[in-house]
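>>> Coordinates only, no sequence provided:
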DNA sequence: TGGTTATATAACTGTCAAGGTATATATAGA
DNA sequence: TCTATATATACCTTGACAGTTATATAACCA
């Protein structure tokens, strides 16, 4: 068991992103996730383990059942990393927007 | 060559995130990246290929050299995904903040 | 207690990615 | 033209991972 997983690796797997999306609505039992994801129960349990390891979900036991709940905090790290890039792509959109405005202005002049 | 890589997978690799961080400052030659990353040239070239495939970098040829440049646009997809989670972790911080305010208020009353 | 339900873990398999070395490609420069 | 430089690609090895089936664990219920 190596387990030096990062949030980024956890998010790389599409099924795990789907699990998070499902947990965003409400906590779920493993069985519910198995059904929603159309995947073997051990497969789902393994993904949940990864998500637990990076702190993206927590578990609450209830008899034989386990409620998995979203813990969004680790996403803040990704957000911070993205933060320093945000202005870059936003600037491009802005420039594109400027260009568009300009073209529309010309269009109006030609009428 | 399979190459149905997603931007999430591209970001999962720490070396690739470092490459993006380096390109955030300015465009770079492959050789510069090799030096900065202390990694074999083919290794770096392979990471650059993945980044190219998902559109996170573009190349400009200049004689035998290739200038790699950051294309931040694909990060917008990740940002959009994160967006629907943002209020969740921010709410928690806010609750923490509320609690703090409350404690400070009590503190003041005790003086 | 014995059976059923819910989930985790073990063991196995196939695929894929990351790293390396060796080599191909292409351009610059002597 | 020959050599050096810069980068990409081919090929190989290794390890990790996602998925599976089989089994362990543990709690509930009859």
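Happy to help now that I have it. Since the model is a prediction, treat every value here as computed from it, not as a measurement.
>>> C-alpha from now on. contacts and neighbour counts both.
Fine.
>>> Only the buried residues of the helix or strand where residue A:69 lies, if you could.
Assessed by DSSP states H and E, residue A:69 sits inside strand A:65-70. Using 16 or more other Cα atoms under 10 Å in any protein chain shown as the test for burial, strand A:65-70 gives A:66, A:67, A:68, A:69, A:70.
>>> do the next helix or strand after that strand and chain B meet?
Downstream of strand A:65-70, the first helix or strand assigned by DSSP H and E is helix A:75-110. Yes. Helix A:75-110 is in contact with chain B by Cα under 8 Å from any Cα of the partner chain, via A:75, A:76, A:79, A:82, A:85, A:86, A:88, A:89.
>>> Same question for stretch A:16-23.
No. Using Cα under 8 Å from any Cα, stretch A:16-23 stays clear of chain B, coming no nearer than 9.0 Å.
>>> tell me which residues of that stretch are tucked away?
Quick answer for stretch A:16-23 (16+ other Cα under 10 Å): A:16, A:17, A:19, A:20, A:22, A:23.
>>> ok, residue A:76 - contacts?
The contact partners of residue A:76, by Cα atoms under 8 Å, 6 or more residues apart in numbering or on different chains, come to B:86, B:89.
>>> Mind pulling the model confidence for it?
Residue A:76 carries a pLDDT value of 96.
>>> picking that back up, pick out the most distant pair among the buried residues of strand A:65-70.
Spatially, the most separated pair among these is A:66 and A:70, at 13.0 Å (Cα to Cα).
>>> on that earlier part again, can you redo the residues of helix A:75-110 next to chain B as JSON lines with distance to DNA strand C?
Output for the residues of helix A:75-110 next to chain B, formatted as JSON lines (distance: Cα to the nearest atom of the strand, whole Å):
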{"residue": "A:75", "distance to DNA strand C": "21"}
{"residue": "A:76", "distance to DNA strand C": "23"}
{"residue": "A:79", "distance to DNA strand C": "21"}
{"residue": "A:82", "distance to DNA strand C": "19"}
{"residue": "A:85", "distance to DNA strand C": "21"}
{"residue": "A:86", "distance to DNA strand C": "24"}
{"residue": "A:88", "distance to DNA strand C": "25"}
{"residue": "A:89", "distance to DNA strand C": "24"}
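>>> Buried only: go through the residues you listed for me.
Burial by neighbour count, 16+ other Cα under 10 Å: within the residues of helix A:75-110 next to chain B this picks out A:75, A:79, A:82, A:85, A:86, A:88, A:89.
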